[in-house]
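Student: coordinates for the following, if possible.
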Amino acid sequence: MLKKTKIYEKIRYILWSNKFYRTFFKPFDRLYFPFVDHEILKIERKTGSVPLNKIPHVADLENPEWKMVIDDMKDIFTLDEHSFHRKIWESVHVVYALMKSGYLAPENKGLAVGAGREQILYYLAHKVAHITGIDLYEGQYLGGEDERDIPEVPEKYRPFQYPGEKLKLLRMNALELDFQDDSFDFIFSLSSIEHFGRLSDIRRALLEMYRVLKPGGGCLITTEVKLNRLGGKVPNTRIFRMEDLMSLFKSCGFQLQEQDMDMRLEERFFNNWVKLPEETFKSPHIHLKFNRVFFTSLAVLLVKPGNMVKKGDWTGPQSFVPFNYRGEIEVSASPPEGKPGSELPVTVRVKNTSNFDWFCDGHSYRIAIWVKLLDENGDHLDDHYSEIIIPEFIKTGASLAFDAKVPLPKKEGRYILFFDLKKERLYGFSYFGNPTAELKIGVLKS
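Tutor: Coordinates of the predicted model:
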C-alpha cells in the first residue's frame, strides 16, 4: 500500500510539474488578462496614479503616493522588487486605497473582518478614531494568525506602541456581525472571504458588511482571482473567476468606488511564477500555480451608496515608537554536568529592560529563552536545540528567577549551551544586539 502511495505521488508530481504544464497544457490554455511590460508600467506609475481596483504590480513601488504609504509602514513591512510579496502588497494597498478615497479621516471608524492579528490594525489605530477587528480566533492556523488569546491581549501581538483605547478585537462570526446597521465609515477584509466556505456563506458575510457600513462608506476586499481558463480548484480556498466575483458584489448592493480595473499581468514576473506547495517561500511571490490553476491577489474598493460618511485627509507619515528588545539573562548549574540524554537542572535569572511587558504564555509572540547547542570550541551543532519557557508575565523593569531543566546531548563530550531571549516565531533579542549567556557543560557516563 505504501509503495502504491509513493508511485501515485510521483505520478502526480510529474503531471502537475511546470515542465508538464508548459509541454501539454499551455498550448490549450488561455490567460484571462493581458500582459504588460514591467518597464512600461513603471513609467506609468511614476507619472500617473495607482488604480484602486487591481492585482499586485511590482511597478506600484514606483508611484510616489504608494511609496509614501509603504515608507510610513516600514516598521512592520519591507517591500522591494526582490522581496516583493503579494500579501504585504495587500496590506499596503488597503491603506493606499482608503487614504486615496478619503476614508482614513482622523474622526472615522473602521472594521476589519477576518482580522486575525494583522499588524495593519495597530497601524490604523494611529490614523483614525477607532478600529474594530473580528475573527473566530480558534487557533487553527499553524502560523498563529488566529491565536486564541488575541482578543484578550491584543497588546501581546503589537508591532510597536499604539493607543490601546483605539483598537478592539472581538471573537465574532463574519456571517453574523453583532453591530448595529450603519456603524462603520469603512470596512476591509484581507484574504478572508475565500475561506468562508460555500458561496452562500460568502454572500451572507458580504451582506453583513454592507449592513453595518454607513451609506457612502468604503469596503476594501482582497481575495484570490483565477488567471487562466484551464484552472481548477485549490484545497480549502475559493479561487474566484473575475466575473463571478463582480456579480457577487453587485448582488449584495455594492458599487465600485471607481470603474478602472488594472488586471494586466507583468510578464516578467508572471513567467517566474511560484509553484505550490514546493516554492511557498520563493521571492518574488506574486503569481501562484497550484496543479494547473494560476491565481494571484485582487484588491477591490466597493462603496455603499449614500452620503453619511465624512471624508478627509489622513494624518500623513509619522514616527512610531519601536520596541526596544533588551533584557538581561543569566543561567547557572551546580554542577554543570550530567549523564548522556539526561536533564540538567539550571537556575535562570532574567530582567526585562525593554520598553514593553513580556507575555510568556501561548504559542506565538511570547517571550521565551532560545537554547542553542555548541561544541566546546564554539561551533554551532544545533541552533534549535531546545527552549526554556519563562513561567510568569514580567513587566518592564521587573526581574524573575526560576528553576528549569535543559536536555543534555546523548553523546559524551564537552559542550556549550547558548541562551538567547526571543520573541516566539519572530526573532532572538541578539538580532538587535542584546547580550546572550553561555554555560559550559560536561556530558559524562559516570
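Student: what sits against the residue nearest in space to the middle of the chain?
Tutor: The residue lying closest to the centre of the chain (C-alpha atoms, centre = their mean) is Glu118, at 6.2 Å. Taking C-beta atoms under 8 Å, 6 or more residues apart in numbering, we find Glu118 in contact with Ser91, Ala112, Gly133, Leu190. Yep, even glycine has a C-beta here, placed from its N, CA and C like the rest.
Student: mind redoing it with 10 Å?
Tutor: With contact set as C-beta atoms under 10 Å, 6 or more residues apart in numbering, Glu118 has these partners: 76, 90-91, 94, 112, 124, 133, 135, 145, 157, 188, 190-192.
Student: just give me the closest of those residues to Glu392.
Tutor: The shortest distance between Glu392 and any of the contacts of Glu118, using C-beta to C-beta, involves Tyr157 and amounts to 19.3 Å.
Student: look up the closest residue to that closest one, ignoring the ones flanking it.
Tutor: Spatially, and ignoring its direct neighbours in sequence, Tyr157 is nearest to Arg117 (4.3 Å; C-beta to C-beta, 6 or more residues apart in numbering).
Student: where does pLDDT dip in the stretch 101-250 of the chain?
Tutor: Judged against pLDDT under 70, the low-scoring parts of the stretch 101-250 of the chain cover residues 140-144.
Student: pLDDT score for Asp29?
Tutor: Predicted confidence (pLDDT) for Asp29: 83.
Student: if we can go back for a sec, just the ones of the contacts of Glu118 in helices?
Tutor: Here DSSP state H is the test, and the contacts of Glu118 give Glu90, Ser91, Val94, Leu124 as lying in helices.
Student: let me know the closest of these to Phe295.
Tutor: Nearest member of those to Phe295, counting by C-beta to C-beta, is Glu90, at 13.6 Å.
Student: quick one: residues in contact with stretch 34-50.
Tutor: Where contact means C-beta under 10 Å, 6+ apart, the residues beyond stretch 34-50 that reach it are 57-67, 69, 81, 93, 96-97, 100, 260, 262-271.
Student: got the CA coordinates for it in PDB?
Tutor: Only the C-alpha atoms of stretch 34-50 are listed here, as PDB (Å, rounded to 0.1, in the frame of the first residue of the first chain):
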ATOM      1  CA  PRO A  34      -3.200  40.600 -21.000                       C
ATOM      2  CA  PHE A  35       0.500  41.100 -20.300                       C
ATOM      3  CA  VAL A  36       2.200  44.400 -19.800                       C
ATOM      4  CA  ASP A  37       5.900  45.200 -19.900                       C
ATOM      5  CA  HIS A  38       7.300  45.900 -16.500                       C
ATOM      6  CA  GLU A  39       9.400  48.800 -17.600                       C
ATOM      7  CA  ILE A  40       6.500  50.400 -19.400                       C
ATOM      8  CA  LEU A  41       4.300  50.000 -16.300                       C
ATOM      9  CA  LYS A  42       7.000  51.600 -14.200                       C
ATOM     10  CA  ILE A  43       6.800  54.800 -16.300                       C
ATOM     11  CA  GLU A  44       3.000  54.800 -16.000                       C
ATOM     12  CA  ARG A  45       3.200  54.600 -12.200                       C
ATOM     13  CA  LYS A  46       5.900  57.300 -11.900                       C
ATOM     14  CA  THR A  47       3.700  59.800 -13.900                       C
ATOM     15  CA  GLY A  48       0.200  58.700 -13.000                       C
ATOM     16  CA  SER A  49      -1.700  57.200 -10.100                       C
ATOM     17  CA  VAL A  50      -2.200  53.600  -8.900                       C
END
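Student: how far does it sit from the chain's center?
Tutor: In this view, stretch 34-50 has its centroid 27 Å away from the chain centroid, taken as C-alpha atoms, centre = their mean, to the nearest Å.
Student: list the buried residues for that stretch?
Tutor: Counting neighbours by 16 or more other C-beta atoms under 10 Å, one finds that the buried residues in stretch 34-50 are Val36, Leu41, Lys42, Glu44, Arg45, Val50.
Student: what mean pLDDT does it get?
Tutor: 97.
Student: measure Gly48 to Asn324 for me?
Tutor: Taken as C-beta to C-beta, to the nearest Å, the spacing of Gly48 relative to Asn324 amounts to 41 Å.
Student: next one: Ile221
Tutor: As it turns out, when the distance is counted by C-beta to C-beta, Ile221 lies 37 Å from Asn324.
Student: so which of these two has more stuff around it?
Tutor: Neighbours of Ile221 and Asn324, each counted by other C-beta atoms under 10 Å, are more numerous for Ile221; the result is 24 against 14.
Student: the more buried one contacts Val300, doesn't it?
Tutor: Yes: here Ile221 lies in contact with Val300, judged by C-beta atoms under 10 Å, at a distance of 5.3 Å.
Student: okay, and the common contacts of those two?
Tutor: By the contact definition C-beta under 10 Å, 6+ apart, Ile221 and Val300 are jointly contacted by Asn53, Leu245, Phe249, Phe254.
Student: most neighbours out of the residues you listed, which is it?
Tutor: Phe254 (24 neighbours).
Student: that residue contacts Pro215, correct?
Tutor: No: Phe254 is beyond contact range of Pro215, at 11.9 Å (criterion: C-beta under 10 Å).
Student: what sits in contact with each of those two?
Tutor: Val303, Lys304, Pro305.
Student: who wins on neighbours among the residues you listed?
Tutor: Lys304 (23 neighbours).
Student: for burial, what's the neighbour tally of the closest residue to that one other than its chain neighbours?
Tutor: Counting by C-beta to C-beta, 6+ apart, Lys304 lies nearest to Leu213, which is 4.8 Å off, once chain neighbours are set aside. By other C-beta under 10 Å, the residues close to Leu213 number 28.
Student: that older thread, could I have the PyMOL command that selects the buried members from the contacts of stretch 34-50?
Tutor: PyMOL command restricting the contacts of stretch 34-50 to the buried ones, with burial defined by 16+ other C-beta under 10 Å:
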select buried, resi 57+58+59+60+61+62+63+66+67+69+93+96+97+100+262+263+264+265+266+269+270
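Student: in strands, which of the contacts of stretch 34-50 fall?
Tutor: Taking DSSP state E, the ones among the contacts of stretch 34-50 that sit in strands are Asp262, Leu265, Glu266.
Student: pipe the residues you listed into JSON lines and attach pLDDT per row.
Tutor: Output for the ones in strands among the contacts of stretch 34-50, formatted as JSON lines (pLDDT from 0 to 100):
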{"residue": "Asp262", "pLDDT": "98"}
{"residue": "Leu265", "pLDDT": "98"}
{"residue": "Glu266", "pLDDT": "98"}
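Student: TSV for those, including distance to Arg349?
Tutor: Converted to TSV, the ones in strands among the contacts of stretch 34-50 look like this (distance: C-beta to C-beta, whole Å):
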residue	distance to Arg349
Asp262	57
Leu265	57
Glu266	54
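Student: out of those residues, the closest to Arg203 would be?
Tutor: When these are compared for distance to Arg203, the smallest value, 25.7 Å, is given by Asp262; criterion: C-beta to C-beta.
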